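*Asks:* I'd like to go over a predicted model; first the sequence, then the structure.
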Amino acid sequence: MSDLSYANAFLGAHQLGPWTVTGEPDPDFDDIQRRSHHALLTDPTLLTRFRRRFPSRSDTHYDEMVRLLGYVWDCPRDRTANVVGFCCGHCGQTRAAALSAGGSGPGHGIA
């Protein structure tokens, strides 16, 4: 089964997948950034932080929030959701390499 078929078996065309930290550390980020992004995903003030930064986006769910805040990126190659600071947990590419290779959609190009 191809990678895309495998992802499509579990995710709808516009559905965002759960994030992972299974990829190697991305050399473009230091350990402090990696730990910070990971910790912020479960921060009890996440909703407050989001509302302050994006006051006009009142009806946003968690998966979209963490992408807009820049804590998670989606690999355009295989749609794996990765914590910023980690390489793709599926294909192993760094965030910069994967995003420069193309693709668009939720989480792409978010700093």
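*Replies:* Arrived safely, thanks for sending. Numbering: from 1, shown residues only.
*Asks:* give me the next element, helix or strand, following the lowest-mean-pLDDT helix or strand in the chain.
*Replies:* The weakest-scoring helix or strand in the chain, judged by mean pLDDT, DSSP states H and E, is helix 3-10 (a mean of 48). Next in sequence after helix 3-10, counting helices and strands by DSSP states H and E, comes strand 19-20.
*Asks:* now for the longest helix seen in the chain, which elements pack on it?
*Replies:* What stands out as the longest helix in the chain, according to DSSP state H, is helix 31-40. Packed against helix 31-40, as judged by 3 or more Cβ pairs under 8 Å, 6 or more residues apart in numbering; DSSP states H and E, are the following elements: strand 81-83. In short, each C-beta sits where N, CA and C put it, glycine included.
*Asks:* any residues touching the longest helix of the chain, and which ones?
*Replies:* Taking contacts as Cβ atoms under 8 Å, 6 or more residues apart in numbering, the residues outside helix 31-40 that touch it are 21, 25-26, 29, 46, 49, 69-72, 83-86.
*Asks:* and those residues, which of them are in helices?
*Replies:* With DSSP H as the criterion, helices contain 46, 49 from among the contacts of helix 31-40.
*Asks:* hmm, Phe29 is touching Val84, no?
*Replies:* Yes: with contacts defined as Cβ atoms under 8 Å, Phe29 counts as touching Val84 at a distance of 6.9 Å.
*Asks:* neighbour count winner among these two?
*Replies:* Neighbours around Phe29 and Val84, counted as other Cβ atoms under 10 Å, are more numerous at Val84. The numbers are 26 against 18.
*Asks:* what's the separation between the residue nearest to that one when sequence neighbours are not counted and Asp59?
*Replies:* Closest residue to Val84 in three dimensions, ignoring its sequence neighbours and counting by Cβ to Cβ, 6 or more residues apart in numbering: His37, at 4.6 Å. Taken as Cβ to Cβ, to the nearest Å, the spacing of His37 relative to Asp59 amounts to 24 Å.
*Asks:* neighbour count: those two, which is higher?
*Replies:* The residue with the greater number of neighbours, taking His37 and Asp59 and applying other Cβ under 10 Å, is His37; the counts read 23 against 5.
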